[in-house]
Each structure stands twice: as C-alpha cells, then as structure tokens.
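Asker: Need coordinates for the below:
(one chain, ligands or ions: 1)
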Amino acid sequence: MIKPTIAYPCFSLVKNDTLLEYGGPDGELGASLRYLSQKFTMVTPEAKATLNDIATEEFAHAEMMATIFHQLTQGLTKEQIIDSGLDAYYVNHGLGVYPASAAGIPFSACALQSKGDPITDLYEDMAAEQKARSTYEYLIDLTDDPDVLAPLRFLREREVVHFQRFGEALDIARDYLNQQHYFFMNKYGCDD
Ligand SMILES: [Fe+2]
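Answerer: Sure thing, here's the model as predicted:
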C-alpha cells in the first residue's frame, strides 16, 4: 500500500499508481512571488500590507507542502517509486524536493503577472486564490490519509480567507482611486 504523496512546489500527488499534477501555475510558490512582486505598486498602505502579509504566508504554505512531500517519500523502495508513477521524477531529482510540475516542467514565473496596475493585479490575485482553492479540493478528493487531509483542509480554508482579504483590498484601492487627490509634489516622485 503506497501512501499518498504530495510534491512541492508544482506538487504532485501519488495514490494507487496515479500521479496527479498539483498545478504549478496555481501553487503556493507562484502565489508568494506574485503578491511579493505586486505589492510595490499598490496605491494604499492597506493594500501593500495585505499583499505583503499573504505573500509571506504563502511561502510558509509552500514549506508545508515541501514537508509533506519529503515525509511521504522518504524511504520509498524501488518498487514503490515505480508503482506510484514517481519514476520519472526520481530519475531527475531522486527524492529531493524540486519546484516542478508533476509532468516535470520546472516552476516558471510565466505562471504569474505583475502589471503595475493595482486593480488589474488584485483581480488576478482573487482569481489565483480561487484556483488554489479548487486545486486543494481536487487533492482532497484523491486522498484518504488523515495526516495529509488535515493540512490540505487547512490550506484550502486559508485560500478562502485570502480571497476575501484581496476583495477588501480591492474595495480600498478602488475607493482611493475614485477620490479626488491633491499632490504637493509629483505623484510618482520623479524629478522632471
Ligand atoms: Fe492563498
């Protein structure tokens, strides 16, 4: 009996000889880098803080996924590796933790954006949280290991909270942009 296995960061889940892509484009590493990058062009302190807070939390979630993968793959036998469909990953990375999709595609920043427009970015962030929530639900569907289910459910809940917090940040940013502002120096801080 092979235990469910989750790999980070484009995490894979192995169960009953099935390798499922967790989904690099919607993974925790991408979320963390997306929010960390976008925060610099947010227009209010609240929005900057929201992105900064969630970026750091997502990175901690990436570590959780890496830990789960490591704990579940440690000591796998040759037969378990082959039977679980982990053989291609093993040839490339052994049982090390590597940021690639289940198909072996390395993590790429092509999966995220930073447009310099707070409204555009916050809409992307809300969509990213919904995609992450869906992905966790699919993972939950495919495992029955209570030690794996508990953190997956926790992480799913956090995506729901993040979606709500980005919605609040969007309201604040929109309100700010809709107000009339008076600047005593160049709005963008340029010399010209
Ligand atoms: Fe999230």
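Asker: which element is the residue of the chain found nearest the ion on?
Answerer: Here the chain gets closest to the ion at one residue, His162, 3.7 Å apart by C-beta to the ion. Where C-beta positions appear, they are placed from N, C-alpha and C, glycine not excepted. Per DSSP states H and E: His162 is located in helix 146-178.
Asker: what's the answer for Val97, then?
Answerer: Assigned by DSSP H and E, Val97 falls outside every helix and strand.
Asker: Over to it: give its phi and psi.
Answerer: The phi/psi pair for Val97 (degrees, to the nearest 10) reads phi -90, psi 120.
Asker: Mind pulling the model confidence for it?
Answerer: The model reports Val97 with a pLDDT of 83.
Asker: Setting aside sequence neighbours, what's the nearest residue to it?
Answerer: Ala66 (4.8 Å; C-beta to C-beta, 6 or more residues apart in numbering).
Asker: Enumerate the residues of this protein near the ion.
Answerer: Glu129, Glu159, His162 (C-beta under 5 Å from the ion).
Asker: out of the residues you listed, who's nearest Gly94?
Answerer: Nearest to Gly94 among the residues of the chain next to the ion: Glu159, at 30.6 Å, using C-beta to C-beta.
Asker: quick one, what contacts that closest one?
Answerer: Glu129, Gln130, Ala132, Arg133, Tyr136 (C-beta atoms under 8 Å, 6 or more residues apart in numbering).
Asker: Now do it against Ala60, distance only.
Answerer: According to C-beta to C-beta, to the nearest Å, Glu159 stands 14 Å off from Ala60.
Asker: Lys115 too?
Answerer: Plainly put, Lys115 is 26 Å away from Ala60 if you go by C-beta to C-beta.
Asker: got it, and Val160?
Answerer: Distance from Val160 to Ala60, by C-beta to C-beta: 17 Å.
Asker: just Val148 next, same as before
Answerer: Look at Val148 and Ala60: by C-beta to C-beta, they are 18 Å apart.
Asker: For these two, indicate the residue with more neighbours.
Answerer: Neighbours around Val148 and Ala60, counted as other C-beta atoms under 10 Å, are more numerous at Val148. The numbers are 22 against 11.
Asker: What pLDDT does the model give that one?
Answerer: Per-residue confidence for Val148 comes out at a pLDDT of 85.
Asker: try the one 5 residues further on
Answerer: With respect to pLDDT, Arg153 scores 93.
Asker: now do the one 10 residues further on
Answerer: pLDDT, Phe163: 98.
Asker: And for Glu129?
Answerer: At Glu129, the pLDDT value in this model is 95.
Asker: Just want to check the distance between it and Ile172.
Answerer: Using C-beta to C-beta, Glu129 is found at 17 Å from Ile172.
Asker: For the residue nearest to Val97, the count of nearby residues, please.
Answerer: Residues near Ala66, counting by other C-beta under 10 Å: 20.
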